[in-house]
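1. Task: produce atomic coordinates for the following.
(2 chains)
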Amino acid sequence: MMAEDGRNMMEPKSSSSDPNPCPICLGPITQDSYLDQCFHKFCFNCIVRWTNTVASKHFCGPTSVKCPLCKTENLSIIYGYDGSSFQQHYINRDLRISEFFSEAHRYRLKCYYIEPGNLADKLNVLSYWKSHKYRQQNHWLHDWLRREIQAVTQEEDVDVIVHHILGVIDSFRRDEVKHSNISTEMKQEAFKLLVSQAVGPFLTGRSGRFVNELELFLASGLKIDAFDKVYIKHLGWKIPEISKEEEESDETPEHEPAVPYLYILDQDSDDN
Amino acid sequence: MQASRARLFKEYKEVQREKVADPDIQLVCDDSNIFKWTALIKGPSETPYDGGVFQLAFSVPEQYPLQPPQVRFLTKIFHPNVHFKTGEICLDILKNAWSPAWTLQSVCRAIIALMAHPEPDSPLNCDSGNLLRSGDIRGYQSMARMYTRLAAMPKKG
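-> Numbers count the residues shown, from 1 in each chain, chains lettered A, B, ... in the order given. This is a model prediction of the structure:
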């Protein structure tokens, strides 16, 4: 039956029209993906399914996969290359197996695959800049950055990057006082550019989005749990583990904001 | 499931196109089931299998190509890595060393290569393996040739 159909549908040119098929599905490649050592090319779904198949046969998941074509050991899959940036999927840095990668990390990473919608309006990003709230230290920023960078890079040890970003933000805050005549918009732009340049080497294609997320977090003035709650509610997701964590941490008073943000300033005039 | 069908269909088309290109392999898909294939392969020259035509039966799993196909000899063959009764084949690429880049066609080529280069250290056919391991090349070859004549050559009328 199948064979009969095949004969009817056969086109003489079919194989020449597709000179470089995916070695796994033998069809045209969808979402070009390359292994990071040998650069052999596959469909993203095909190569991920294969690495998952390989991983499922081992008790302690291997952190590399042999190329189906040349048997070179590869550590990651490179995909989403758009000319200047790319994404990387690490072999079996699989979020279920890694200890540091919590449910919260996963939710943060997922956020990078969806549009944030009008969250910027909800969290009053504009008034954050207009009312100079950025001049205040955010006590949760270190922890938030650490989790965020861990989520995006899927690396556990990100302290160097976090330290670097904090340094950049601190120096922005120091310099800002000297240039008080610059418009708010320009300050916002300057801030985003600075941070984006700082994280560029580490986050490549996700730098822009990261800066927006960072801005959202800072503008919210919320601590991490509350920020997550707002964010998840906004997206309409249900992640029980995060709500649970939140309840637990609510019992620890030292995490309460020492100096609440002055929301009175919300309607404050722009100094321009 | 859908992925395996699509891929087998691609292989089917490729086989139709390449039929002339590889005269040593003739792959045929079952008329009613794309997961069942048979192949006729020619015994490689300068081996005791020369002149014989061997039939292989393929059973393709639904997870193909993430899982290897199951292949066995239907034609009786005297070879260290083929079970004499069941036709089961001991070949790394059909087990641990499987890669989804292999096709049914290339598996046939690998089996032809195995026929020319037996691995007596992992025998499924101990008699055959022992002959080779003890250095009795002649003994192995004459047995293998005899079975090729008996089972893999068309009877002359």
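
2. show me the contacts for the residue most central in space within chain B.
-> What sits nearest the mean C-alpha location of chain B, by Cα atoms, centre = their mean, is B:I111, with 4.3 Å. B:I111 makes contacts with B:I41, B:L56, B:V71, B:I89, B:L91, as judged by Cβ atoms under 8 Å, 6 or more residues apart in numbering or on different chains. C-beta coordinates here come from the backbone N, C-alpha and C atoms, glycine included.

3. can you give me the strands in the chain?
-> Since no chain was named, I'll use chain A. A:32-35, A:41-43, A:65-66, A:73-74, A:76-79, A:87-90 (DSSP state E).

4. Chain B is the one I meant
-> Using DSSP E, strands in chain B cover B:25-29, B:36-42, B:53-59, B:70-73.

5. and the shortest one, what does it pack onto?
-> What that stands for is strand B:70-73. Applying 3 or more Cβ pairs under 8 Å, 6 or more residues apart in numbering or on different chains; DSSP states H and E, we find strand B:70-73 packed against strand B:53-59.

6. What separation is there between A:V211 and A:A198?
-> 9 Å (Cβ to Cβ, to the nearest Å).

7. ah, wrong one, I meant A:A55
-> Taken as Cβ to Cβ, the span from A:A55 to A:A198 is 34 Å.

8. Who has more neighbours out of these two?
-> Using other Cβ atoms under 10 Å in any protein chain shown as the criterion, A:A55 and A:A198 rank with A:A198 on top: 20 against 17.

9. Against chain B, how distant is that one?
-> Look at A:A198 and chain B: by Cβ to the nearest Cβ, to the nearest Å, they are 41 Å apart.

10. Could you do A:F39 as well?
-> Taking Cβ to the nearest Cβ, one finds A:F39 at 15 Å from chain B.

11. what about that residue, how many neighbours?
-> Burial measure for A:F39: 12 neighbouring residues, criterion other Cβ under 10 Å.

12. Show me which residues of chain B are close to chain A?
-> With Cβ under 8 Å from any Cβ of the partner chain as the criterion, chain B meets chain A at residues B:3, B:6-7, B:9-14, B:16-17, B:29-34, B:63, B:65-67, B:99-101, B:103.

13. Among these, name the ones in helices.
-> B:A3, B:A6, B:R7, B:F9, B:K10, B:E11, B:Y12, B:K13, B:E14, B:Q16, B:R17 (DSSP state H).

14. Correct me if wrong: A:P68 contacts A:W50.
-> Yes. With contact defined as Cβ atoms under 8 Å, A:P68 reaches A:W50; the gap is 6.3 Å.

15. which neighbours do those two share?
-> Joint contacts of A:P68 and A:W50 (Cβ under 8 Å, 6+ apart) are A:I24, A:F42, B:P100.

16. what's the spacing between the first one and chain B?
-> A:I24 sits 4 Å away from chain B when distances are taken as Cβ to the nearest Cβ.

17. Alright, calling it a day.
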